[in-house]
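Visitor: Return atomic coordinates for the entry below.
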Amino acid sequence: MDAQVLTLEPKEISFSITDADIGILYIIQHELLKESKIDFAGVIVKHPLTNEIHMKINSNTKPLGEVKKATDSVIKMAEEFKKLFNSKIKEN
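Guide: Numbers count the residues shown, from 1 in each chain. So this is what the prediction gives:
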């Protein structure tokens, strides 16, 4: 996966992400939209053949900091899910 900042303004940031699963970005988008500071968080496949996804975030505060908080939250959630999954599965 590769990410590149397309635009960075005081209250807006846009990324271009390649070779990524859009599902992960939808989870990050969901976490972003839980915050009252976020005005908009959108994810779109630029073109199905280019494997390029764009993400745009508008925020009342610094959007890059909000993205960092959302991704940290998603990572923590994934770790908790992994622990739960591993505790329920027993090897034969």
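
Visitor: Run through this protein and note the low-pLDDT ranges.
Guide: Residue ranges of the chain with pLDDT under 70: 91-92.

Visitor: Any chance you could spot the residue sitting in the middle of it?
Guide: When the chain is reduced to its mean C-alpha position, the nearest residue by C-alpha atoms, centre = their mean turns out to be Ile28, at 2.9 Å.

Visitor: Doesn't that one lie inside a helix?
Guide: Yes: under DSSP: H, G, I helix; E, B strand; the rest coil, Ile28 falls within a helix.

Visitor: what's the closest non-adjacent residue to it?
Guide: Leaving aside its sequence neighbours, Ile28 sits nearest to Ala70 (C-beta to C-beta, 6 or more residues apart in numbering; 5.2 Å). Every C-beta, even on glycine, is put in place using the N, C-alpha and C of the backbone.

Visitor: Phi and psi next, for the one you found.
Guide: Backbone dihedrals for Ala70, given as degrees, to the nearest 10, come out at phi -70, psi -40.

Visitor: Tell me the spacing between it and Lys11.
Guide: Ala70 sits 16 Å away from Lys11, taking C-beta to C-beta, to the nearest Å as the criterion.

Visitor: The two - which one has more neighbours?
Guide: Neighbours were counted for Ala70 and for Lys11 using other C-beta atoms under 10 Å; Ala70 has more, 22 against 13.

Visitor: residues contacting that one?
Guide: By C-beta atoms under 8 Å, 6 or more residues apart in numbering, the residues touching Ala70 are Ile28, Glu31, Leu32, Glu35.

Visitor: show me the contacts for the second one.
Guide: Neighbour list for Glu31: Ala70, Thr71, Ser73, Val74 [criterion: C-beta under 8 Å, 6+ apart].

Visitor: So His54, which state does it fall into?
Guide: strand.

Visitor: Please name the bridge partners of it.
Guide: Ser16, Ile44 (DSSP bridges).
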